[in-house]
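Peer 1: no FASTA, just this:
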């Protein structure tokens, strides 16, 4: 199993733009160790639409150049220690967004259009610091009606964890359709799953309704409890104690290093 | 049951913009008779993205002022006789579109934005006859890059047929997500279903994945085999013989009238 | 004499009052007090035979009416189907601007907070945004935020159906005047005085000479809160509900707070 | 002497050849010949151990790889994930323009055809669009279409990754020259001659002095078509497959068509 995950990690090349899901949608935590061992750096992470533990660990491991996100935190376990430290030190670039702007950028990529209009954002400092966003005019309005235009976000890779895949590579994502949105928008999609089943997920309308077709999925690997310490909807709950243990440890670079050494050793 | 459908039909007011699904997605044919009896006219039909028997019958009954569509036909049973006659006579206005433009207009409404950009369409006669569409410039391109802007389509009512609803008004639409798109975009949504179940469709992740939440649904009524003569995916096949019978009958206004009289009598 | 009321019960009851007339309220993850306020409003409307209130709690499975991924909340708001939402802020200023990004010079903020989440959109499109922050100190309520995640008001030509309706803190309740772009003190919570509020607030605000005390919930409302609402709350926020239950038990033994 | 080959087998084999190198082919509803061509291409690639070919047939449950409603085909094409698609037309002109709306003066077209479907988008974004129309008459192949549902080529400043690759009819195969904006005759089907093609075509086209005959499928290809492909086709298009089987049985009794 670990060799499968290492093979997946080798798909990641330095400088790639990687889309990662929000903590409750299905984070492939099982891939964090293999990614760190693999060592491809200068990554541009796109949080869909916010980040947490995985982002913090990849930043702490020095693999990240830029984080495009609407927020990064450990939720109930507090702020993201490595991320916050890197922001303070200026060692990573944060590209601050707002949740629907990330969704809009992915939707533009899904639709094959260069940009999506979006309400809000005007006269914010978010907009002021995003030279890649433009303000256009709504040509359908009677008078002046400025509207922000969000360019397409086209990640190289979407990476997430889901409950089930079938032998053909179809992945059951249930109602977490942002995972589909990530896959549509990305060049390649890498998925870890709790289990791989023999039945065709597209074979009946009930399971098909929550399935991301293999058409969008490049590689699937088995990783039971692969979201841990995050939970996976319908499967298991978040291990808050472990998140707190990490949050406490990662308060210092030394503590982070020790925590990760333990994690990488376990996964070896 | 017929009284329920009549109550649903009373939600339709003259001049309303009604969104109807493509023939294989779940057409509420059961509502066609009640709508004709109710008699609210001057309707603006929006076909998502193409129309068939229901559109033809509503046009034949004289209830339709305008049809916005990418196509209208009876599929294997041939052209849509009343629609084609009305186009030739000039008694309805056809607003010709292309499938993804209808989806784009609904998506704009779903997102609460005034328009969506869309590739294609340039230098077509479709665009030439759509003064409500605009050509804008892609501000993210280096050079000249015109792109069509499709304004939001906000129907007053979305009307469709689905397999299952629960007591709370949640509706199982499976992978026919254009039905959800219609509901998101519309002010009100009216649904007929094969059956109403006691279980909460949002109560487990498997059925929730294919469920349109009650939040978007205004009224549900029972109508077993309510898509007939169209089929309903996962339930029953299209009755091609009946479609052909209709196509032959409706070749003349007299034949159409006789066919519909029979239908309305049955449903009384 | 009224029964003893816990300060958080005042907050919950006030939120329920601010939500009067809403049909769909969305609450962010880890927001037990706004969620409790919305649950109380729902219970009150149900008892009165009024329109049912729908409550969406982000990240909750129990209170998740969405099936289209995490974009659906924003779509739903953009469609005008969400009447009220709650926002906080590491900093909030007198113009209603909120900062969820960090203090000091951006981008090297110190401290850095998580980020703007959906505020830069929802503040614009949800008709009734309630700013809620329990900590009422000059550190939070600043003259001018260091970073505008979302502005309290917008220039007239900007499409903005939504915006702030009120600011509720651990000490007081303010309303927001869109034209003047500023807050007005509506009431002080029991035990607070105007001078104290002024000292704790880094921005100036409109106020009457003798602002009233924030109303305590009526006995029937309080009963509903301590019964059905606390039960419902336990399902989604077990720790918070258990703590409030312990506090209420302790209250019973202490002298009444409310006059 | 080669075995007798049915004209529709020539069409199917030609389509399979035109699809060489594709990975995802989409076919509209009620298009059995394009579907059969794609199934044959898939079988050939599989036998050769090449990359698997994915075939999406609109409206089919069997060949439906989509789970995001009827918009997904267009999204998928916009993402560059569909390599080839088929379009027809009530009228097709020498510039590759297609008309699916109607003949005569729009909007009161007579006859009125169903409408443009997705052509005004897919023709622009799918790299290899194959125009397929069995009826080869001056009524279909006109000098200039009465309504442009989708143009054969676009002005240079227009974003257009896709467009026509070929035009296949019941009589001949043409390629499309994007720069010249016109068709070139590639081959005549068995039994046709250049003068007959010219008479049946309302527009002018480039051609050699002695155009070759459209190649008949190799015996191995023909065996695949008559075996596996016809079986697969029966699942989606039972009537069409049954008719072709009947025609083939009749062929066996008649003299060979191909030389």
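Peer 2: Perfect, thanks for sending it. Fair warning: this is a prediction, and the values are worked out from it, not measured in the lab.

Peer 1: Assumed residue C:242 was part of a strand.
Peer 2: No. Using DSSP: H, G, I helix; E, B strand; the rest coil, the assignment for residue C:242 is helix, not a strand.

Peer 1: Okay, and the residue nearest to it when sequence neighbours are not counted sits in which element?
Peer 2: Closest residue to residue C:242 apart from its sequence neighbours, by Cβ to Cβ, 6 or more residues apart in numbering or on different chains: residue C:234 at 7.3 Å. Yep, even glycine has a C-beta here, placed from its N, CA and C like the rest. Secondary structure assigned from DSSP states H and E places residue C:234 in helix C:230-236.

Peer 1: Please apply the same query to residue C:9.
Peer 2: Counting by DSSP H and E, residue C:9 is part of helix C:7-18.

Peer 1: could you say what helices and strands that helix packs with?
Peer 2: On a contact count with 3 or more Cβ pairs under 8 Å, 6 or more residues apart in numbering or on different chains; DSSP states H and E, helix C:7-18 meets helix C:32-47, strand C:128-133, strand C:164-169, helix C:219-224.

Peer 1: In chain A, where is pLDDT below threshold?
Peer 2: A:1, A:267-268 (pLDDT under 70).

Peer 1: residues from it in reach of chain D?
Peer 2: A:109-113, A:180, A:184-185, A:202, A:208-216 (Cβ under 8 Å from any Cβ of the partner chain).

Peer 1: How about the stretch 1-150 of chain C: which residue is closest to chain D?
Peer 2: Here the stretch 1-150 of chain C gets closest to chain D at one residue, residue C:68, 10.3 Å apart by Cβ to the nearest Cβ.

Peer 1: Excluding chain neighbours, what is closest to that residue?
Peer 2: residue A:177 (5.2 Å).

Peer 1: could you redo the helices and strands packed on helix C:7-18 as a markdown table and give each row mean pLDDT, mean neighbour count and distance to residue D:55?
Peer 2: Shown next, in a markdown table, are these (pLDDT from 0 to 100; neighbours: other Cβ atoms under 10 Å in any protein chain shown; distance: least, Cβ to Cβ, whole Å):
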| stretch | mean pLDDT | mean neighbour count | distance to residue D:55 |
| --- | --- | --- | --- |
| helix C:32-47 | 95 | 23 | 49 |
| strand C:128-133 | 98 | 23 | 50 |
| strand C:164-169 | 98 | 23 | 54 |
| helix C:219-224 | 96 | 16 | 60 |
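
Peer 1: would you turn those into a markdown table with distance to chain B?
Peer 2: Output for the helices and strands packed on helix C:7-18, formatted as a markdown table (distance: least, Cβ to the nearest Cβ, whole Å):
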| stretch | distance to chain B |
| --- | --- |
| helix C:32-47 | 15 |
| strand C:128-133 | 16 |
| strand C:164-169 | 19 |
| helix C:219-224 | 23 |
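
Peer 1: Let me have the ones you listed in CSV, adding distance to residue B:41 as columns.
Peer 2: Shown next, in CSV, are these (distance: least, Cβ to Cβ, whole Å):
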stretch, distance to residue B:41
helix C:32-47, 38
strand C:128-133, 39
strand C:164-169, 42
helix C:219-224, 49
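
Peer 1: With respect to residue B:35, which of the ones you listed lies nearest?
Peer 2: helix C:32-47 (34.2 Å; Cβ to Cβ).

Peer 1: now the strands: where do they sit in the stretch 51-200 of chain A?
Peer 2: A:64-69, A:93-96, A:115-118, A:134-137, A:146-151, A:157-166, A:171-172, A:188-197 (DSSP state E, counting those that start in this stretch).

Peer 1: Can you tell me which helices and strands the shortest one packs against?
Peer 2: Based on contacts counted as 3+ Cβ pairs under 8 Å, 6+ apart, the elements that strand A:171-172 packs against are strand A:157-166, strand A:211-212.

Peer 1: among these, which is the most enclosed?
Peer 2: Burial of the helices and strands packed on strand A:171-172 is given as mean neighbour count (mean count of other Cβ atoms under 10 Å in any protein chain shown); strand A:211-212 ranks first at a mean of 28.

Peer 1: Following the chain past that one, name the next helix or strand.
Peer 2: strand A:219-222.

Peer 1: so how far is that next one off the chain centroid?
Peer 2: 17 Å (Cα atoms, centre = their mean, to the nearest Å).

Peer 1: So for that strand, what gets flagged as buried?
Peer 2: By 16 or more other Cβ atoms under 10 Å in any protein chain shown, the buried positions in strand A:219-222 come out as A:220-221.

Peer 1: So what touches it?
Peer 2: A:1, A:4-5, A:7-8, A:11, A:165, A:169, A:171, A:188, A:190-196 (Cβ atoms under 8 Å, 6 or more residues apart in numbering or on different chains).

Peer 1: mind listing the helices for chain A?
Peer 2: A:2-9, A:32-38, A:53-60, A:81-89, A:99-111, A:125-128, A:177-185, A:205-208, A:240-249, A:253-266 (DSSP state H).

Peer 1: Kindly apply the preceding question to the stretch 151-259 of chain C instead.
Peer 2: C:194-200, C:219-224, C:230-236, C:238-253 (DSSP state H, counting those that start in this stretch).

Peer 1: elements contacting the second one?
Peer 2: Meaning helix C:219-224. By 3+ Cβ pairs under 8 Å, 6+ apart, helix C:219-224 packs against helix C:7-18, helix C:32-47.

Peer 1: one more time with 7 Å, if that's ok
Peer 2: Packing contacts for helix C:219-224, counted by 3 or more Cβ pairs under 7 Å, 6 or more residues apart in numbering or on different chains; DSSP states H and E, involve helix C:32-47.

Peer 1: pLDDT at the residue lying closest to residue C:142 once chain neighbours are set aside, what is it?
Peer 2: By the measure of Cβ to Cβ, 6+ apart, the closest residue to residue C:142 outside its immediate chain neighbours is residue C:202, 4.5 Å from it. pLDDT for residue C:202: 98.

Peer 1: residues in contact with residue C:202?
Peer 2: C:138, C:141-143 (Cβ atoms under 7 Å, 6 or more residues apart in numbering or on different chains).

Peer 1: swap the cut-off to 8 Å and go again
Peer 2: Contacts of residue C:202 by Cβ under 8 Å, 6+ apart are C:93, C:138-139, C:141-143.

Peer 1: What of residue A:146?
Peer 2: A:122, A:135-138, C:157-158.

Peer 1: likewise residue A:69?
Peer 2: So residue A:69 contacts A:45-47, A:49-51, A:55, A:94-97, A:102, C:115 (Cβ under 8 Å, 6+ apart).

Peer 1: Same check on residue A:182?
Peer 2: Counted by Cβ under 8 Å, 6+ apart, residue A:182 has contacts A:19, A:21, A:48, A:106, A:155, A:158, A:160, A:189.

Peer 1: burial of the fifth one, as a residue count?
Peer 2: When you say that, I think you mean residue A:155. For residue A:155, the neighbour count with other Cβ atoms under 10 Å in any protein chain shown is 26.

Peer 1: Would you confirm that it contacts residue A:17?
Peer 2: Yes. Counting by Cβ atoms under 8 Å, residue A:17 is a contact partner of residue A:155 at 4.6 Å.

Peer 1: shared neighbours, the two?
Peer 2: residue A:46.

Peer 1: interface residues of the stretch 151-268 of chain A facing chain C?
Peer 2: A:175-181, A:233.

Peer 1: before we move on, the earlier item: out of the contacts of residue A:182, which comes closest to residue A:241?
Peer 2: Once Cβ to Cβ is applied, the member of the contacts of residue A:182 that ends up nearest residue A:241 is residue A:21, at 22.5 Å.

Peer 1: correct me, but the closest one touches residue A:179?
Peer 2: Yes. Counting by Cβ under 8 Å, residue A:21 does reach residue A:179; the two are 6.1 Å apart.
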